[in-house]
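Peer 1: build the 3D model from these lines:
(chains A and B)
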Amino acid sequence: MRLIAEGLAGERGGESVFSGIDLALEDGAACVVTGPNGSGKSTLLRVIAGLLPAAGGTVRLDGGGAAFPTVASASHYLGHQNAMKPALTVAENLGFWRDFSADAEAKPGLGVEEALEAVELGGIGHLPFGYLSTGQRRRTAIARLLVCHRPIWLLDEPTAGLDKASERRFAGLMGEHLRGGGIIVAATHLPLGLERAVELRMGLAG
Amino acid sequence: MLALYLRDLRLAFRAGSGALTGVIFFLAVIATIPFGVGPDLNLLARIGPAILWIGALLSCLLGLDRLFQADREDGSLDLLVLEADRHMPALTVLVKCLAHWTASVLPLVVAAPLLGLFMNMSATGIGATTLTLLAGTPAIAFIGAAGAAVAVALPRGGVLISVLVLPLAIPVLIFGVSASYGAVNDPDPFLQPFLVTVALTLFSAVVGPVAAAVALRHGAD
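Peer 2: Numbering: from 1, shown residues only, chains lettered A, B, ... in the order given. Presented below is the predicted three-dimensional model:
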């Protein structure tokens, strides 16, 4: 599988924030997008996911097969928000995304309890999501990446609110994903602990 | 899809949701009318179906602004949109509408017979009005979804949604009320306007979600 972006340009509110971004990521490759605030990191991720129209250029996925015909269908998008409902329990939230995103043709993901164990939140599945701390909420959102398999992870400031131990654990999860042939594009200010990651600096050329 | 329906239903019945606001508003409107109109029982019985319908229509509009906004604020909407290749967006909207209707509008239909008593309506009139509400209110939810999708990015979009949706919901109101009158006033037909109400619901079940899906696709920012 190959994620390819050619001459990608994005705009926000009618103003161009970046242009001419080229990317080609193979199985097991990671790209860390860095740059100052307002340099278009989040916009780039949203354009790649297909949530925002590209102002120029194209994004495509080669070799996705029948299970993943488009970039959007092959992607997990972890944005600034956690996409969880405070009124539902952690297990209900994850269970919903697991059922809703399930794909018969893709590899099955982890069970809800296993995914919570993987982010060291085992045993809190019965608590309403609204009761959790900021870091725990972020870890629950990370657990969502595990409950169903998607080859591409688009991560927007994934470690915001995490402590050192959780950051290391998350680096381990990302490493595992890459070893399994996954692709990661992450926008961040903080080092993520990814080896062999390509760095894309925003706000210099554009 | 069933997972989405169940999640929205659960959310509606958990603490802090506004699902019952509509019923309480409906109750308040209908309970106030006899005081305002006066104790003329014949008059109340005559305007009963129309008042029930107008009350239900306005109550339906109350919760609409949260239909997509709640999902947008916590980022769920992005993920629902991203799943477009697996779940057709219009179908996702349709399921959300059905959950919204079950949780917020069906209680109105259930409360309608009781409130019909306040209006001194006959048993036939109450039955016919409840039946037309049951058949007609889904149309309001489907049309409302399109309005809610257009206004999803606006922080105080509730009023705008009402203004957008009300004109489109007027035909449902007209035929719903005339069917209710047809059941009690002899020369007037019941079946024809009732069937038109059903047709409006079926029509908007297709057009509403498709329009809403398009609006959400282009409103995602």
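Peer 1: so the residue in chain A that chain B sits nearest to versus B:Ala112, what's the distance?
Peer 2: Proximity of chain A to chain B (C-beta to the nearest C-beta) peaks at A:Gln81, 3.0 Å away. Placement of C-beta: from N, CA and C, glycine included. Separation of A:Gln81 from B:Ala112 (C-beta to C-beta, to the nearest Å): 38 Å.
Peer 1: compare those two (neighbour count), which wins?
Peer 2: Taking neighbours as other C-beta atoms under 10 Å in any protein chain shown, A:Gln81 and B:Ala112 compare with B:Ala112 leading, 25 against 17.
Peer 1: list the contacts for that one?
Peer 2: Contacts for B:Ala112 (C-beta atoms under 8 Å, 6 or more residues apart in numbering or on different chains) come out as B:52, B:56, B:126, B:129-130, B:133.
Peer 1: distance check, it against B:Leu52.
Peer 2: Here B:Ala112 is placed at a distance of 6 Å from B:Leu52 (C-beta to C-beta).
Peer 1: now do the shared contacts for the two.
Peer 2: Residues within reach of B:Ala112 and of B:Leu52 at once, by C-beta under 8 Å, 6+ apart, are B:129, B:133.
Peer 1: for stretch B:138-152, the distance to its chain's centre please.
Peer 2: From the chain centre to the centre of stretch B:138-152 is a distance of 9 Å (C-alpha atoms, centre = their mean, to the nearest Å).
Peer 1: ditto for stretch A:119-133
Peer 2: Chain-centre distance of stretch A:119-133: 21 Å, with C-alpha atoms, centre = their mean.
Peer 1: again, but for stretch B:41-52
Peer 2: Distance, centroid of stretch B:41-52 to centroid of chain: 21 Å (C-alpha atoms, centre = their mean).
Peer 1: now do stretch A:27-42
Peer 2: Its chain's C-alpha centre and that of stretch A:27-42 lie 11 Å apart, by C-alpha atoms, centre = their mean.
Peer 1: ok and the residue in chain B nearest chain A?
Peer 2: Relative to chain A, the nearest point of chain B is B:Gly75 (3.0 Å; C-beta to the nearest C-beta).
Peer 1: which regions of the chain lie under the pLDDT threshold?
Peer 2: No chain specified, so I'll use chain A. Within chain A, the ranges that satisfy pLDDT under 70 run A:204-206.
Peer 1: was after chain B, sorry
Peer 2: B:15-17, B:220-221.
Peer 1: so which residues on it come close to chain A?
Peer 2: Within chain B, the positions lying close to chain A (C-beta under 8 Å from any C-beta of the partner chain) are B:1-4, B:6-7, B:10-11, B:14-17, B:73-76, B:78-79, B:81-87, B:220-221.
Peer 1: which stretches in chain B count as helices?
Peer 2: B:2-13, B:21-37, B:41-62, B:66-73, B:76-82, B:89-100, B:106-118, B:123-150, B:158-184, B:191-219 (DSSP state H).
Peer 1: could I get those as TSV with distance to A:Ala55?
Peer 2: Output for the helices of chain B, formatted as TSV (distance: least, C-beta to C-beta, whole Å):
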stretch	distance to A:Ala55
helix B:2-13	32
helix B:21-37	42
helix B:41-62	37
helix B:66-73	23
helix B:76-82	19
helix B:89-100	23
helix B:106-118	45
helix B:123-150	23
helix B:158-184	28
helix B:191-219	15
